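**Q** Mind folding the following:
(2 chains)
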Protein chains: 2
Amino acid sequence: MATGSTEGTVRRGRPGYDQETVLRRAVDLFNRQGYDATSIGDLARELGLTKSAIYHHVPSKEHLLALALDEALDGLDAVIAEAVQDRPGVSAYDRLRTAVRQSVEVLVAHLPAVTLLLRVHGNSDVEQQALARRRAIDERLSRLVQDAVAEGAVRDDIDPDVISRLLFGMVNSLVEWYRPGGPVDATVLADAVAALAFDGLAVRER
Amino acid sequence: MATGSTEGTVRRGRPGYDQETVLRRAVDLFNRQGYDATSIGDLARELGLTKSAIYHHVPSKEHLLALALDEALDGLDAVIAEAVQDRPGVSAYDRLRTAVRQSVEVLVAHLPAVTLLLRVHGNSDVEQQALARRRAIDERLSRLVQDAVAEGAVRDDIDPDVISRLLFGMVNSLVEWYRPGGPVDATVLADAVAALAFDGLAVRER
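**A** Okay, here's the model as predicted:
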């Protein structure tokens, strides 16, 4: 899917909007007032279109939700698929640390879609499927943490499941405050998260 | 406020419920289906009472929200008030580390109330006041992080505001998965959060 548009003004030379723009505006609206509380009529008003013009672009509200959740999950799936791949000379620790950094980058690059994903509670088939994909990602990350503990690189005095939840709880909490274009660059942020999580905040004895 | 009841079965010898029990059940219902989407009628059905019986205990839905938000905020205020107090021989680093541990303990002890607090978006005066109290707590924590950086105990290569947001983002993310009575004890969890954040996950060279 084409991504990276930061403004809802992409057009294709004819009046109205393309599907990508409708999707961006829909996701923003879902995040602002809640998916369940948002109707296609609300979205039409937001875009200054009629409902039938919206249905020209998308078959349903749920289709927009599915597109957004897939966008977020595809990004995270790619990170984890690379991270769990055994490669000669690359430790589980290095792959885990990279996965944390890249998760931050995916979250920043797809912030509205990831925000929507993290608020999904399973009220429909689309949401249930997204939650199942999220659980599968969490399980693979949890096994990667276990591998990094087993190789002696990650501390073994904290339950690996707790480590996994704290790590990705910290990453996910970024949706509450991080705004692209603000004072903190995405790469700087990814480095900060990895440094805090793996090296700790305490200054080591010099 | 009397707190710490874990069951919704406390009664005072007369038929029906006391205010504390009504509050616990209301907070659970707010967390389950959303505060805005919950009516006093819903709460009455949940408790098997009439609406007028509910109004015998509490003047309004908003009063229940205010009680719950105050419970969460009073707990966090107490932690931060102690943490920002200068004491001879106690470094800002030690006070920060203690504040992180105690924040986890408050979150666990008042999980439903803190969960509700973290979902508030400022849709009413009560919510706006809670958000203002939250911001004041965040600002005091952020200054404590700055003090710990200034004394040379916390790394200075990450913006102190980012440190503060990551630290308490990790703490707050516990509401997404932690359940009291499960396999992870609150003290163990508080130790794990502090160890991850301050000492890091990476095993230090032996």
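
**Q** A:Glu127: neighbouring residues, count only.
**A** By other CB atoms under 10 Å in any protein chain shown, 19 other residues sit near A:Glu127. Every C-beta, even on glycine, is put in place using the N, C-alpha and C of the backbone.

**Q** That one reaches A:His121, doesn't it?
**A** Yes - applying CB atoms under 8 Å as the test, A:Glu127 and A:His121 come out as touching, 6.8 Å apart.

**Q** quick one: contacts for A:Ala78?
**A** A:Val106 (CB atoms under 8 Å, 6 or more residues apart in numbering or on different chains).

**Q** any idea what it is structurally, helix, strand or coil?
**A** Classification of A:Ala78 using DSSP: H, G, I helix; E, B strand; the rest coil returns helix.

**Q** So which residues of chain A form helices?
**A** A:19-33, A:40-47, A:51-57, A:61-83, A:92-109, A:111-119, A:125-150, A:160-172, A:186-194 (DSSP state H).

**Q** Kindly report which one of the ones you listed carries the lowest mean pLDDT.
**A** With a mean of 90, helix A:51-57 has the lowest mean pLDDT of those.

**Q** Spatially central residue in chain A, please.
**A** A:Val114 (3.3 Å; CA atoms, centre = their mean).

**Q** So that one versus chain B, what's the distance?
**A** 14 Å (CB to the nearest CB, to the nearest Å).

**Q** what does A:Ala150 give?
**A** Taking CB to the nearest CB, one finds A:Ala150 at 12 Å from chain B.

**Q** residues near that residue, how many?
**A** Neighbours of A:Ala150 (other CB under 10 Å): 12.

**Q** contacting residues for it?
**A** A:Ala150 neighbours (CB under 8 Å, 6+ apart): A:Ala92.

**Q** Straight-line length of stretch A:42-54, end to end?
**A** Start and end residues of stretch A:42-54 are separated by 11 Å (CA to CA, to the nearest Å).

**Q** can you list the residues of chain A near chain B?
**A** Counting by CB under 8 Å from any CB of the partner chain, chain A comes close to chain B at A:34, A:93, A:152-155, A:157-159, A:162-163, A:165-167, A:169-170, A:172-174, A:176-177, A:184, A:189, A:192-193, A:195-204.

**Q** Quick one, which of those residues are buried?
**A** A:93, A:153-155, A:158-159, A:162-163, A:165-167, A:169-170, A:172-174, A:184, A:189, A:192-193, A:195-202 (16 or more other CB atoms under 10 Å in any protein chain shown).

**Q** Pop the domain breakdown of chain A in here.
**A** A:19-57, A:65-199 (automatic domain parsing).

**Q** Of the ones you listed, give the one that comes closest to B:Ser52.
**A** Of all the domains of chain A, domain A:19-57 sits nearest to B:Ser52, with 29.4 Å by CB to CB.

**Q** in that closest one, what counts as buried?
**A** Buried residues in domain A:19-57 (16+ other CB under 10 Å): A:20-27, A:29-31, A:35, A:38, A:40, A:43-44, A:46-47, A:49, A:54, A:57.

**Q** Can you give me the pLDDT of the nearest residue to A:Gly169 once chain neighbours are set aside?
**A** Nearest non-adjacent residue to A:Gly169, counting by CB to CB, 6 or more residues apart in numbering or on different chains: B:Ser173, 2.8 Å away. B:Ser173 carries a pLDDT value of 97.

**Q** quick one: B:Ser173 and A:Leu174 touch, right?
**A** No - applying CB under 8 Å, one finds B:Ser173 not in contact with A:Leu174, separated by 10.3 Å.

**Q** residues contacting A:Ala83?
**A** Neighbours of A:Ala83 in contact, by CB under 8 Å, 6+ apart: A:95-96, A:98-99, A:102, A:140-141, A:144.

**Q** Repeat the analysis, applying 10 Å as the threshold.
**A** A:90, A:92, A:94-100, A:102-103, A:140-141, A:144 (CB atoms under 10 Å, 6 or more residues apart in numbering or on different chains).

**Q** Whichever of those residues end up buried, select them in ChimeraX.
**A** The ChimeraX command for the buried members of the contacts of A:Ala83 (criterion: 16+ other CB under 10 Å) is given here:
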select /A:92,95,96,97,98,99,100,102,103,140,141,144
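
**Q** Max pairwise distance over the contacts of A:Ala83: which two?
**A** A:Val90 and A:Ser103 (17.5 Å).

**Q** Leaving out sequence neighbours, find the closest residue to A:Val184.
**A** B:Val162 (6.1 Å).

**Q** Run through the residues that contact that neighbour.
**A** B:Val162 touches A:174, A:177-178, A:183-184, A:188-189, A:192-193, A:196, B:142, B:145, counting by CB under 10 Å, 6+ apart.

**Q** isn't A:Ser52 right up against A:Ala44?
**A** Yes - if you go by CB atoms under 10 Å, A:Ser52 and A:Ala44 touch, sitting 8.7 Å apart.

**Q** returning to that earlier point: with distance to B:Ala66 added, can I get the contacts of B:Val162 in TSV?
**A** As requested, the contacts of B:Val162 are exported to TSV (distance: CB to CB, whole Å):
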residue	distance to B:Ala66
A:Leu174	30
A:Trp177	25
A:Tyr178	30
A:Pro183	34
A:Val184	34
A:Val188	39
A:Leu189	35
A:Ala192	36
A:Val193	35
A:Leu196	35
B:Ser142	26
B:Val145	30
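
**Q** Excluding residues flanking it in the chain, which one is nearest A:Ser124?
**A** That would be A:Glu62: by CB to CB, 6+ apart, it lies 6.5 Å from A:Ser124.

**Q** burial measure for the one you found, as a count.
**A** 14.

**Q** got it, and the one 3 residues further on?
**A** By the criterion of other CB under 10 Å, A:Leu65 has 23 neighbours.

**Q** For it, give me its contacts.
**A** A:Leu65 touches A:23, A:26-27, A:30, A:35, A:38, A:116-117, A:120, A:124, A:126-127, A:130, counting by CB under 10 Å, 6+ apart.

**Q** of these, closest to A:Leu69?
**A** Closest to A:Leu69, out of all of those and judged by CB to CB, is A:Ala130, at 4.2 Å.
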